[in-house]
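Q: predicted model and sequence below, questions to follow.
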Amino acid sequence: MQIGILEAGHMAAPLRHELGDYSDLFRQLFAPHGLSFHTWDVEGMAFPDSVHAADGWLITGSRHGVYEDHPFLPPLEAFIRAAHAADVPMVGICFGHQVMAQALGGRVEKFAGGWSVGAQSYRIEGQDVTLNAWHQDQVIVPPEGAETVGHSAFCAHAALRYGDWGLSLQPHPEFGRDVIAGMIAQRGPGTVPDALLATAQARLETPTDRPDMARRLAQFLTTRS
């Protein structure tokens with residue numbers, strides 16, 4: 001099964017040189033599950049010709065806000081709606097989670113409660129999981145027809161299910177310890193409050209449920225193929 005990765009942003013250059021880009025992280029995450037991948041740099045306006053160019057789609061994270069004015073956002077939202085209409089399965093992570101919601105009529109805002117950074121606890125589809133997060137924006141109002149299937153004390157709509165078509169997560173199953181450590185050092189200072197960075201640093205060795213979440217996402221995509 002081929003998954004099309006819609007790369008909505010890129011890892012900061014120093015981290016990209018060391019760890020790879022967002023698409024590389026997803027290839028590593030799903031390596032045990034027999035999927036193949038093709039990447040489109042949608043932030044750079046490289047879009048697939050059709051929603052049928054892959055068997056399923058995955059939208060990555062991004063430094064951008066979905067409510068901002070960027071050239072790639074209107075065609076990306078149109079692509080999401082077209083994939084939804086054609087029932088081609090889609091998974092969204094962080095920014096991908098947010099842009100799927102916005103494209104289908106939900107509301108995303110910069111959360112008044114601030115940032116979520118590092119290992120966090122969630123309840124997703126009936127299971128307690130720990131995953132890494134890095135975000136300030138949140139889905140505030142899910143679109144009609146979306147079911148909230150994941151939440152935390154900080155994030156009310158941490159996972160959304162769109163029937164058999166789509167599944168999206170606010171946290172980052174593709175982010176391991178090395179990615180969070182690099183982001184704390186490279187992107188955090190001056191942006192994320194020091195106290196939150198210190199807490200995230202202290203939780204770097206906290207075990208996360210990345211392999212299980214990768215299995216669940218891969219199962220969702222392949223069951224729908």
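A: Nice, I can see it.

Q: use CA for all of it now, contacts and neighbours both
A: Noted.

Q: before we move on, which element is the spatially closest residue to residue 52 that is not a sequence neighbour in?
A: Among residues not flanking residue 52 along the chain, residue 88 sits closest, at 7.3 Å (Cα to Cα, 6 or more residues apart in numbering). Per DSSP states H and E, residue 88 falls between elements, in no helix or strand.

Q: quick check: chain neighbours aside, which residue is closest to the residue nearest the centre of the chain?
A: Closest residue to the average C-alpha location of the chain: residue 93 at 1.2 Å, with Cα atoms, centre = their mean. Closest residue to residue 93 apart from its sequence neighbours, by Cα to Cα, 6+ apart: residue 169 at 5.0 Å.

Q: got the phi/psi numbers for residue 65?
A: phi -90, psi 140 (degrees, to the nearest 10).

Q: wait, it touches residue 96, no?
A: No: counting by Cα atoms under 8 Å, residue 65 sits too far from residue 96 to count as a contact (10.5 Å).

Q: ok, the two, which is more surrounded?
A: Taking other Cα atoms under 10 Å, residue 65 and residue 96 do not tie; residue 96 has more neighbours (24 against 18).

Q: which is the succeeding secondary structure element to the helix or strand of the chain with the lowest mean pLDDT?
A: When the helices and strands of the chain are scored by mean pLDDT, DSSP states H and E, helix 13-19 comes last with a mean of 90. Using DSSP H and E, the helix or strand that directly follows helix 13-19 along the chain is helix 22-29.

Q: tell me which residues of that next one are tucked away?
A: Using 16 or more other Cα atoms under 10 Å as the burial criterion, the residues of helix 22-29 that qualify are 22-23, 25-27, 29.

Q: sketch out the low-pLDDT regions of this structure for me.
A: 224-225 (pLDDT under 70).

Q: ranges for the strands of it?
A: 2-6, 36-40, 56-59, 90-93, 107-110, 116-124, 127-135, 137-141, 147-151, 159-162, 166-169 (DSSP state E).

Q: tabulate those strands (a markdown table), appending distance to residue 208.
A: Listed next are those as a markdown table, based on distance: least, Cα to Cα, whole Å:
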| stretch | distance to residue 208 |
| --- | --- |
| strand 2-6 | 23 |
| strand 36-40 | 24 |
| strand 56-59 | 21 |
| strand 90-93 | 16 |
| strand 107-110 | 26 |
| strand 116-124 | 7 |
| strand 127-135 | 5 |
| strand 137-141 | 21 |
| strand 147-151 | 16 |
| strand 159-162 | 17 |
| strand 166-169 | 15 |
